[in-house]
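Asks: when you get a sec, could you give me coordinates for this:
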Amino acid sequence: MSFRERIHFMGVSFIHETMYGLFMKAEDLLLAAGVDKGQKILEVGCGPGFFTIPAAEIVGEEGIVFANDINPFAIKKVEKKIAKKNIKNVKLLLEDVTKTSLLDDSIDLAFFFGIIHSLVNIIDDVILEMDRILTKDGIIAIQKSKMSADAIAELIEKTNRFKLIENTKRIVKFSRRK
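Replies: Purely as a prediction, here's the structure:
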């Protein structure tokens with residue numbers, strides 16, 4: 001990892017661990033995304049884990065959170081957090097989101113919080129992978145951040161694999177086209 005990437009991650013960590021909590025409650029955003037008890041969910045781009053622990057608490061012992069990131073510093077940071085809280089229902093995935101180790105039709109919901117703008121250039125491959133790993137009723141939930149709901153919908157729907165099903169104040173949701 002380059003010096004620039006390390007500095008970027010340090011900045012992201014600082015913002016997530018100090019500023020995010022002042023402006024949003026992770027649980028509220030996760031519930032708006034559709035995270036629920038017993039689900040198997042994928043957190044795309046977990047970063048320093050601001051949403052990971054709350055997601056694990058919501059899905060409970062019957063559910064599982066697969067926290068994905070390509071940054072080894074992110075995975076190490078989340079690993080420390082889950083160990084400190086003795087969380088057992090989080091599996092860390094240090095891998096490219098376009099080629100995960102997840103089984104076909106194994107994920108109920110994949111959420112993309114604060115990351116979709118970074119995936120624009122590889123979105124076709126990301127959506128192909130979501131199509132593979134999501135259950136037939138699986139949902140993609142994307143937090144509006146640097147992109148508008150319209151821009152997100154256009155980005156996802158251009159693949160012809162998923163369609164917009166809900167657009168709330170902070171979350172845009174998609175289901176598989178049938």
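Asks: only C-alpha atoms for contact and neighbour calcs from this point on.
Replies: Noted.
Asks: Gln39 and Phe66 touch, don't they?
Replies: No. The criterion here is C-alpha atoms under 8 Å, and Gln39 misses it with Phe66 at 10.8 Å.
Asks: which residues are in contact with whichever strand or helix holds Leu42?
Replies: For Leu42, the enclosing helix or strand under DSSP states H and E is strand 40-44. The contact list for strand 40-44 (C-alpha atoms under 8 Å, 6 or more residues apart in numbering) reads 35, 52, 59, 63-69, 97, 106-113, 115.
Asks: with stretch 46-60 instead?
Replies: So stretch 46-60 is contacted by 9, 12-13, 16-17, 26-27, 30, 35-40, 43, 63-65, 67-69, 71, 74-75, 77-78, 81-82, 87, 89-90 (C-alpha under 8 Å, 6+ apart).
Asks: and the strand holding Leu42, how far from the chain's centre?
Replies: 6 Å (C-alpha atoms, centre = their mean, to the nearest Å).
Asks: where are the low-confidence patches of this structure?
Replies: Low-confidence segments of the chain (pLDDT under 70): 1-24.
Asks: if we go to 90?
Replies: Applying pLDDT under 90 to the chain flags residues 1-26, 47-48, 71, 73-74, 114-115, 117-118, 145-147, 169, 177-178.
Asks: all helices of it, in order?
Replies: 3-14, 20-23, 26-33, 52-59, 72-84, 123-133, 149-157 (DSSP state H).
Asks: so what are the sheet partners of the longest strand along the chain and their directions?
Replies: The longest strand of the chain (DSSP state E) is strand 134-143. Paired neighbours of strand 134-143 in the sheet (DSSP bridges): strand 107-112 (parallel), strand 171-176 (antiparallel).
Asks: I am finished for the moment; much appreciated.
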